[in-house]
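Participant: okay, here's the prediction I keep looking at, along with the sequence it came from:
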Amino acid sequence: MAARKINMGMVGGGPGSFIGIIHFNGAVLDGQIQLVCGAFSSDPEKSQAAGTGYYLPEDRIYGSYQEMIEKERELPDGERMDFLCIATPNHVHFGPAKMALEHGFHVVSDKPLTFSTAEAQELVDLVEKTGLIFAVTHAYTGYPLVKEAREMIRSGKLGKIRKVVSEYPQGWLSDPIEREHQTQASWRTDPRRSGKSGCMGDIGTHALNLAEYVTGLKVKELCADLSTMVEGRPLDDDGNVLVRYDNGARGIIYASQISAGEENGLRIRVYGEKGGVEWVQAEPNRMEVKWPDRPMEVRKPGNAYLSALAQYNTRMPAGHPEGLIEAFANIYRNVATCIQCRIDGTEPPEEALDFPDVYDGLRGMQFIDKLIESSGSDRKWVAF
């Protein structure tokens, strides 16, 4: 069967959405995926306006995700959507994901996976029952040099890992801008829409995922201190976590949205017996490799000395910047390749299986639970 474009439907991402256009641009970058339908807002008029902006035909712009999934299921194979992209606030992740899986559609969802761990576990059970593809856009794992760090550690070049520091400071919530009805702040600081955690659920889960992805290790125990620094805010806006990994390594995971002056300071440092690596998201085309017995190396994408996995995820010649859209696109390209292989009845290449999945999403939700358990306990250290 000749390859065709993979059809994407989108729920959320309408007026006022930051992440919707990021998902769209990442999905279509390689030309493998096309947006064919959407329910972009719970307000049908706003959904219509957004769909028109994406140049969709009127009959493929829906007023609700329920209507979209039901009507798309009735369309012939090749015309209906193949997978659903979920670009909504946290409390609207579970419903569309569950319904899509029950109707035979693959899913790509923004993080955190769901509103609660119980919902996340239900999605894991559905994925295992249906065998459908489910990706979670922990997009920072899509950068070429993050892949390079992972391959260096996996190949043993740094030796046994001893120390991991993963940090994610922001400063945009230093003031209570949610009281001014700023859209992004309003839902992220609202327990009814964000869930039981604010900062740590929003960006702390990225710091965890990045640390575990790069090192291949799992956090075994943690000791958390979550804080709300802006008076009257109902959810945490700062968190500091000591962690113990399953190989005996020690580490720190911290996230903050009240670190005034910080923009998007995601950074990871990993130290092994033989050397260390450091990568900063604000300068994604540079990774420092540190050795105790020779000068520091600086690795950059687009060069032949990188691992095969890093080169597979590099899109530009050396010296040309790659950013967040390309990192999203690496996830979407892999999902599209896997869907295409299922259509064709073939096996996907190993590189295409490298994307965050529903189990990573579940782990993020369990992380939030354990943070809150530890932070509110006198015992502090809890098993994860």
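Facilitator: Here it is on my side, so go on. Owing to the predicted nature of the structure, the values given are computational and were not obtained by experimental measurement.

Participant: please enumerate the strands of this structure.
Facilitator: 6-12, 33-39, 83-87, 106-109, 134-136, 161-169, 219-227, 238-245, 250-256, 267-272, 276-280, 287-290, 297-299, 382-383 (DSSP state E).

Participant: with mean neighbour count and mean pLDDT as extra columns, can I get these in CSV?
Facilitator: Yep, even glycine has a C-beta here, placed from its N, CA and C like the rest. Shown next, in CSV, are those (neighbours: other C-beta atoms under 10 Å; pLDDT from 0 to 100):
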stretch, mean neighbour count, mean pLDDT
strand 6-12, 26, 98
strand 33-39, 23, 98
strand 83-87, 26, 98
strand 106-109, 26, 98
strand 134-136, 25, 98
strand 161-169, 22, 98
strand 219-227, 19, 98
strand 238-245, 21, 98
strand 250-256, 23, 98
strand 267-272, 21, 98
strand 276-280, 20, 98
strand 287-290, 18, 98
strand 297-299, 15, 98
strand 382-383, 14, 96
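
Participant: now those strands in JSON lines, please, with extra columns for distance to residue 327.
Facilitator: As requested, the strands of the chain are exported to JSON lines (distance: least, C-beta to C-beta, whole Å):
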{"stretch": "strand 6-12", "distance to residue 327": "18"}
{"stretch": "strand 33-39", "distance to residue 327": "16"}
{"stretch": "strand 83-87", "distance to residue 327": "16"}
{"stretch": "strand 106-109", "distance to residue 327": "14"}
{"stretch": "strand 134-136", "distance to residue 327": "13"}
{"stretch": "strand 161-169", "distance to residue 327": "15"}
{"stretch": "strand 219-227", "distance to residue 327": "23"}
{"stretch": "strand 238-245", "distance to residue 327": "24"}
{"stretch": "strand 250-256", "distance to residue 327": "19"}
{"stretch": "strand 267-272", "distance to residue 327": "14"}
{"stretch": "strand 276-280", "distance to residue 327": "12"}
{"stretch": "strand 287-290", "distance to residue 327": "14"}
{"stretch": "strand 297-299", "distance to residue 327": "17"}
{"stretch": "strand 382-383", "distance to residue 327": "32"}
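
Participant: quick check: the residue nearest the centre of the chain vs residue 358, distance?
Facilitator: In the chain, the C-alpha nearest the mean C-alpha coordinate belongs to residue 138, at 1.7 Å (C-alpha atoms, centre = their mean). Applying C-beta to C-beta, to the nearest Å, the value for residue 138 to residue 358 is 12 Å.

Participant: likewise residue 52?
Facilitator: Taking C-beta to C-beta, one finds residue 52 at 33 Å from residue 358.

Participant: can you give me how far the longest helix belonging to the chain is from the chain middle?
Facilitator: Ranked by number of residues, the top helix in the chain under DSSP state H is helix 324-344. Centre-to-centre, helix 324-344 and its host chain are 14 Å apart (C-alpha atoms, centre = their mean, to the nearest Å).

Participant: quick one: contacts for the residue nearest to residue 317 when sequence neighbours are not counted?
Facilitator: The shortest distance from residue 317 to any non-neighbouring residue, by C-beta to C-beta, 6 or more residues apart in numbering, is to residue 302 (5.1 Å). Listed by C-beta atoms under 8 Å, 6 or more residues apart in numbering, the contact partners of residue 302 are 314, 316-320.

Participant: pull the most distant pair out of these.
Facilitator: Taking C-beta to C-beta, the two most distant members of the contacts of residue 302 are 314 and 319; they sit 11.9 Å apart.

Participant: more neighbours: which of those two?
Facilitator: Neighbour totals were compared for residue 314 and residue 319, and residue 314 leads with 24 against 10 (other C-beta atoms under 10 Å).

Participant: surely the more buried one meets residue 308?
Facilitator: No - using C-beta atoms under 8 Å, residue 314 is not in contact with residue 308; the gap is 10.6 Å.

Participant: thinking again about what came up before, more neighbours, residue 52 and residue 358?
Facilitator: With neighbours defined as other C-beta under 10 Å, residue 52 and residue 358 compare such that residue 358 has more, 25 against 13.

Participant: got a list of what the nearest residue to the more buried one once chain neighbours are set aside touches?
Facilitator: Distances taken as C-beta to C-beta, 6+ apart put residue 134 closest to residue 358, at 4.1 Å, once the chain neighbours are dropped. Neighbouring residues of residue 134 by C-beta under 8 Å, 6+ apart: 97, 101, 106-109, 123, 127, 357-358, 361.
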